[in-house]
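1. just to be clear, the model below is a prediction. Sequence and coordinates:
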Amino acid sequence: MTDWHDIGALSDIPQLGSRIVKSAQGDIAVFRAADDAVFALSDSCPHRGGPLSQGIVHGHRVTCPLHNWVLELESGAAIAPDVGCARKYPVRVDGGRVLLQLVSVTDSSSV
Amino acid sequence: MKEKLVLIGNGMAGMRTIEELLAIAPDKYDITVFGAEPHGNYNRIMLSPVLAGEKTIAEIMINDLDWYAKNNVRLHAGKEVVEIHRTRREVRTADGTVEHYDRLLLATGSNPFILPVPGNQLPGVIGFRDIKDVETMLAAAQPGRHAVVIGGGLLGLEAANGLMKHGMQCTVVHLGDVLMERQLDPVAAGLLRASLEERGMRFLLGAQTAAILGEDKVRGVRFKDGLEVPADLVVMAVGIRPNTDLAKQAGIHTERGIVVNDTMQTYDPRVYAVGECVQHRGICYGLVAPLWEQAKVCANHLAQFGIGRYQGSVTSTKLKVTGIDLFSAGNFNGSADCEEIVLRDPARGVYKKLVVRDNRIQGAVMYGDTVDGAWYFQLLREGTDISDFRETVLFGHAHMADAGREGSSVMSMSDDAEICGCNGVCKGTIVKAITEKKLFTLDDVRAHTKASASCGSCTGLVEQILAATVGTIGKTPAEKPMCKCTEHSHDVVRTAIRERHLTSLRAVFDTLDWKTPDGCHSCRPALNYYLIATWPGEAQDDQRSRFINERVHANIQKDGTYSVVPRMWGGLTTPDELRAIADVADKYQIPTVKVTGGQRIDLLGVKKDDLPRVWADLNAAGMVSGHAYGKSLRTVKTCVGSDWCRFGTQDSTGLGVKLEKMTWGSWTPHKFKMAVSGCPRNCAEATIKDFGVICVDSGYELHVGGNGGIKIRGTDLLCKLATEEEVKEFCGAFMQLYREEARYLERTAPWIERVGLSYVKSKIVEDEEGRKALYARFLASQQFAQIDPWAERASGGVDAHEFEPLAAIN
């Protein structure tokens, strides 16, 4: 089992916003929704590699800033009829701290 | 346990409602459908092509039996419901099948009206309504035999045309003097009649049917004046009557049709009704577009979304009779207080008439050339003032020298013609997607084909393809919802923000019943703009609702780096500024330095983390943000003017600097560009800017509404002024009018085309008091806007989280 990394306080990420975590696997975008749900995806849109961390967050979705693809934050999957999936990382909040696991998981539905 | 929904009537309106319902609430109901005909659901409008042998029954099926199975909809085809028991909430069919319901939907359609004359029951006398009628006609159709079609409306003419194709001799009998009087004026009807007579169709106008002759089958028709015509087949097409028998029997209030409210409910709120059987606000509709709108509203209500209301439809008819294109809409016969604008070209077989009152289109009839029907219908529905283009309106849309719109001959383009240049989508691909995937809205087409999903310049073309392919005309922009999060249009939302004093996104979402918890990437930036433009200093500028470029004050590039453009007032710079820019480019290893079209220097490829330090260095040299990234005042381009140029008439550079100092930092619905040229040679290209000034010896000409972007549009001349002070006042007032009234992402060019130049003149030139008030509001809002966003972030620590990673892990 890979370690959970403490990457900062929940309050360091603005609501409906995102921050980047630099890692050996590339940049990871950590999102915080209006309801304080936290998600982590590879900071690269499956379409043309746009930085998802720079997109507008709405509900549990993010819109890529380059060509307006909309992705589900929960799974990383693009909203139909667009097809594609951003890599998803396990993330959770514990006592106001955000914890991230580096191992990458991919939804079986999105392969 | 799911609630049970029962639909009576397996026709177009009822099944459309079910399809809409399944799309938004697929699991809400257990659905049962009763249809009197032994088929799936078919497109009744296409019966005429079937009769004419152009299509087969299979081709006009909308939902075949497989569809019902796949969607878990139980279909009782060929079972006629004979009783509704409302207290027990049950329906019973002729064969004794009983079904319970929680909600009931009546879509019983209409019946052809059969004239009450002797002999009307004889074999060989039929209506023209369903597949069975078509089969009867096809069986009777033999070359040389005679058919009499009673009724010279659309249906009657199509029946006669179909029968003639099978070699029958056809006589069309009409009570009035004008064929298709519900769609055509006497002139167009006369042209149509002449053309049909040329093809061998015979007409008896002003003829009243007295009796159908024959013993065991029909052999002729006798009229009031004693004339007898032989007939082997008589088709009654004198109109339809809403089929209300079942509703009446169940004690549901009916008049001409089943009376419904704006949510398509009958007087029994568990019972809904849609389609031709319905009477809404006193009107029964027989065209397809209103039925679609009713179906959508009804489905929304059944799904308990409770947001849509049906408020009646203004209808237009676009049809083809035997290859002749016809179009009509609104009050096309006019009245005493109306004027008519008419174009008539017998050699080309073209006739167009617009009925106009107070420079607004009340109705339209077109014969032979109908490509502009959709445009006239839009002008009619939006009540557009046509005085600015009245002299050319009849020549059509393509004739107008306008930017935001396209000529209307899209359907004559070949299938491989490229419609969307950004995404490389051809016309054939769009048509195929619309028909195969049953798309009905522009959003659907964008999602599935990407056509018009990028720069949007082909939106008009895509809408025309959609209208022509689906056969209906969508909502006009004024009524279109802002996005999928709301039913409200831009204009409605904006009015609410102003009149109800809404100052935050939350207040807008709550007051206007937003469907999503926090909007989407489309509505949030628009709302944020409306809020800060309406309540400057009071509404909070929500950074999370701004596109990334406006949030980090630089332009995102394809690789995720940014470009930085410092402001150079009026395009002027100094050796010190240039040195500072060169130093910044070296220090941060900026790969590309480019001169822009707006007379600025663009530093491309800046890493996001470097932005605050780049800005700090530029700030230190006295430079501020150029706002090259925003829906805001961009640049004021100038020529050198009277200071240097031997032709210059005024100090164009100086005036440009003054205008830029006054307007920088202002947020606008879309980007806003200006220019000042020092003489009519116009080296600063002021006539393709949102606001342009051309200096002349006696003063300043103001030009508005130009752009050189997607579709070039030259400016319109607003007025001529004598002093620089006046130019500043008019400029501020014009920008403020645009800021207050244009829709988000609408540039000045399409905005002026929408509201009309005369409207803008009435506000800016003719109304001095109003202009001064606009100018004052502009200056007042500038107090809150003229803060350099770079300095705030470079040294003020604003939004530091935007530029620093949260953490780094290995």
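-> The structure has been received and is ready for your questions. Residues are numbered from 1 along each chain as shown, chains lettered A, B, ... in the order given.
2. where exactly do the strands run in chain A?
-> Using DSSP state E, the strands of chain A run over A:4-9, A:17-22, A:28-32, A:38-42, A:56-58, A:61-63, A:70-72, A:88-89, A:91-94, A:97-101.
3. format those strands as JSON lines; extra columns: mean pLDDT and distance to chain B.
-> C-beta coordinates here come from the backbone N, C-alpha and C atoms, glycine included. Conversion of those to JSON lines gives the following (pLDDT from 0 to 100; distance: least, C-beta to the nearest C-beta, whole Å):
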{"stretch": "strand A:4-9", "mean pLDDT": "94", "distance to chain B": "4"}
{"stretch": "strand A:17-22", "mean pLDDT": "94", "distance to chain B": "4"}
{"stretch": "strand A:28-32", "mean pLDDT": "96", "distance to chain B": "6"}
{"stretch": "strand A:38-42", "mean pLDDT": "96", "distance to chain B": "11"}
{"stretch": "strand A:56-58", "mean pLDDT": "96", "distance to chain B": "4"}
{"stretch": "strand A:61-63", "mean pLDDT": "96", "distance to chain B": "4"}
{"stretch": "strand A:70-72", "mean pLDDT": "95", "distance to chain B": "7"}
{"stretch": "strand A:88-89", "mean pLDDT": "94", "distance to chain B": "11"}
{"stretch": "strand A:91-94", "mean pLDDT": "95", "distance to chain B": "11"}
{"stretch": "strand A:97-101", "mean pLDDT": "94", "distance to chain B": "7"}
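4. to B:E741, which of those strands lies closest?
-> For the strands of chain A, proximity to B:E741 was assessed by C-beta to C-beta; strand A:56-58 is nearest, at 25.6 Å.
5. ok, the closest one: who's next to it in the sheet?
-> Each strand paired with strand A:56-58, and its direction, by DSSP bridges: strand A:61-63 (antiparallel).
6. show residues contacting the partner strand.
-> For strand A:61-63, the surrounding residues in contact (C-beta atoms under 8 Å, 6 or more residues apart in numbering or on different chains) are A:18, A:29, A:31, A:41, A:52, A:55-56, A:69-73, A:79, B:520-521.
7. just the buried residues from these, in ChimeraX please.
-> In ChimeraX, a selection of the buried entries from these looks like this (16 or more other C-beta atoms under 10 Å in any protein chain shown):
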select /A:18,29,31,41,52,55,56,69,70,71,72,73 /B:520,521
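8. sort out which one of the contacts of strand A:61-63 lies nearest B:G373 for me.
-> Closest to B:G373, out of all of those and judged by C-beta to C-beta, is B:C520, at 33.7 Å.
9. and the closest one, helix, strand or coil?
-> coil (DSSP: H, G, I helix; E, B strand; the rest coil).
10. how close does B:R579 sit to B:D586?
-> 11 Å (C-beta to C-beta, to the nearest Å).
11. okay, now B:Q121: neighbour count?
-> 8 (other C-beta atoms under 10 Å in any protein chain shown).
12. wait, is it part of a helix?
-> No. In this structure, B:Q121 is coil, not part of a helix, as judged by three-state DSSP.
13. who are the contact partners of it?
-> Applying C-beta under 8 Å, 6+ apart, no residues qualify as near B:Q121.
14. now do the one 10 residues further on
-> B:I131 makes contact with B:E37, B:H39, B:Y42, B:L47, B:V50, B:I57 under the criterion C-beta under 8 Å, 6+ apart.
15. for the first one, which non-adjacent residue is spatially closest?
-> If you skip the residues right next to it in sequence, B:E37 has B:D130 as its closest partner in space, 5.9 Å away by C-beta to C-beta, 6 or more residues apart in numbering or on different chains.
16. any idea of the pLDDT on that neighbour?
-> pLDDT recorded at B:D130 is 89.
17. could you report the neighbour count for it?
-> 17.
18. before we move on, what about B:A295?
-> For B:A295, using other C-beta under 10 Å, the count is 26.
19. contact residues of chain B facing chain A?
-> Counting by C-beta under 8 Å from any C-beta of the partner chain, the residues of chain B close to chain A are B:447-448, B:453-454, B:516-521, B:524-525, B:543-545, B:547-548, B:552, B:556, B:558-560, B:801, B:805-810.
20. looking at these, which are in helices?
-> Among those, the members found in helices (DSSP state H) are B:A447, B:H448, B:R524, B:P525, B:I548, B:V552.
21. can you count the residues close to the last one?
-> As a burial measure, B:V552 scores 22 neighbours (other C-beta under 10 Å).
22. over to the fourth one?
-> Here the number of neighbours of B:P525 (other C-beta under 10 Å) works out to 20.
23. how about the first one?
-> Other residues within reach of B:A447 by the criterion other C-beta under 10 Å amount to 17.
24. residue contacts, the closest residue to B:D576 other than its chain neighbours?
-> Counting by C-beta to C-beta, 6+ apart, B:D576 lies nearest to B:A621, which is 6.3 Å off, once chain neighbours are set aside. Contact partners of B:A621, counting by C-beta under 8 Å, 6+ apart, are B:D576, B:E577, B:R579, B:A580, B:I581.
25. give me the buried entries from those residues.
-> B:E577, B:A580, B:I581.
26. got a markdown table for the strands of chain A, with distance to B:R256 too?
-> Formatted as a markdown table, the strands of chain A follow (distance: least, C-beta to C-beta, whole Å):
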| stretch | distance to B:R256 |
| --- | --- |
| strand A:4-9 | 68 |
| strand A:17-22 | 58 |
| strand A:28-32 | 57 |
| strand A:38-42 | 57 |
| strand A:56-58 | 47 |
| strand A:61-63 | 48 |
| strand A:70-72 | 47 |
| strand A:88-89 | 59 |
| strand A:91-94 | 63 |
| strand A:97-101 | 65 |
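27. tell me the spacing between B:H174 and B:A207.
-> 7 Å.
28. between those two, which has more neighbouring residues?
-> Each of B:H174 and B:A207 has its neighbours counted (other C-beta under 10 Å); B:H174 has more, 24 against 21.
29. what is the subsequent helix or strand relative to the strand or helix carrying B:W751?
-> Assigned by DSSP states H and E, B:W751 belongs to helix B:748-755. Note on helix B:748-755: by DSSP H and E, the next helix or strand toward the C-terminus is helix B:757-764.
30. elements contacting that following helix?
-> strand B:716-721, helix B:724-741, helix B:768-785 (3 or more C-beta pairs under 8 Å, 6 or more residues apart in numbering or on different chains; DSSP states H and E).
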